[in-house]
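Undergrad: let me see the structure of the following:
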Amino acid sequence: MTTSDSPAPTSLVNRYGTPKRGLSKKTRNIWLVVAAALSVGWVLWVVAGSTTGVSNKLLGYNVADSTMTTVELTVTKDPDATARCALKAMNGSYAVVGWKVITIGPNAKDVGSEGGRTTVVRGEVRTDSLAVTGVVEECWIAQGP
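TA: Numbers count the residues shown, from 1 in each chain. Purely as a prediction, here's the structure:
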């Protein structure tokens, strides 16, 4: 083998160029602080944005007949606020057979528990056919009159 038959010596620098420098320690720390601040901000936004000011807990339901289902729930809210809750009755196929929005008005401090914050309410939902369950779809604070 002659020198003309052997490949010319190449190095990685000749083939790919000089390696790029990584981020300096200061730049890397700045990026980490920015990423952490954005993460904390996002978590606070999600937590604060999902708070509706009202919560509910289903206590039970009673299917009286094919035209009426009663739903009983607790509603926790500011005693001075008015809340609305959507109740629904469903049949065995999970189809909605009844729907009603009830209004829970302001409470006195001696009504319910927790200084008027938690109240037990009952809503009667008229149904088109026999229901097998009654549930609370959602509750929210009512705006305006």
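
Undergrad: show residues contacting the longest helix belonging to the chain.
TA: In the chain, assigned by DSSP state H, the helix with the most residues is helix 25-49. Contacts with helix 25-49, where a contact means C-beta atoms under 8 Å, 6 or more residues apart in numbering, come from residue 23. Just so you know, the C-beta spots here come from the backbone N, C-alpha and C atoms, and that holds for glycine as well.

Undergrad: run the chain-centre distance for that helix.
TA: Relative to its chain's centre, helix 25-49 lies at 21 Å (C-alpha atoms, centre = their mean, to the nearest Å).

Undergrad: now it: average pLDDT?
TA: In this model, helix 25-49 has an average pLDDT of 87.

Undergrad: again with stretch 98-105
TA: Stretch 98-105 comes out with an average pLDDT of 95.

Undergrad: got a list of contacts for that stretch?
TA: With C-beta under 8 Å, 6+ apart, stretch 98-105 has contacts from 69, 75, 77, 82-89, 119, 121, 123-128, 131, 142.

Undergrad: filter those residues down to the buried ones.
TA: Among the contacts of stretch 98-105, the ones that count as buried by 16 or more other C-beta atoms under 10 Å are 69, 75, 77, 82-85, 87-89, 119, 121, 123, 125, 127, 131.

Undergrad: now the helix or strand of the chain with the lowest mean pLDDT - C-alpha only, PDB.
TA: Least confident element among the helices and strands of the chain, by mean pLDDT, DSSP states H and E: helix 12-16 (a mean of 77). Output of helix 12-16 as PDB, limited to C-alpha atoms (Å, rounded to 0.1, in the frame of the first residue of the first chain):
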ATOM      1  CA  LEU A  12     -13.500  15.100  14.200                       C
ATOM      2  CA  VAL A  13     -12.700  18.800  14.200                       C
ATOM      3  CA  ASN A  14     -11.900  18.700  10.500                       C
ATOM      4  CA  ARG A  15     -15.000  16.700   9.700                       C
ATOM      5  CA  TYR A  16     -17.600  18.300  12.000                       C
END
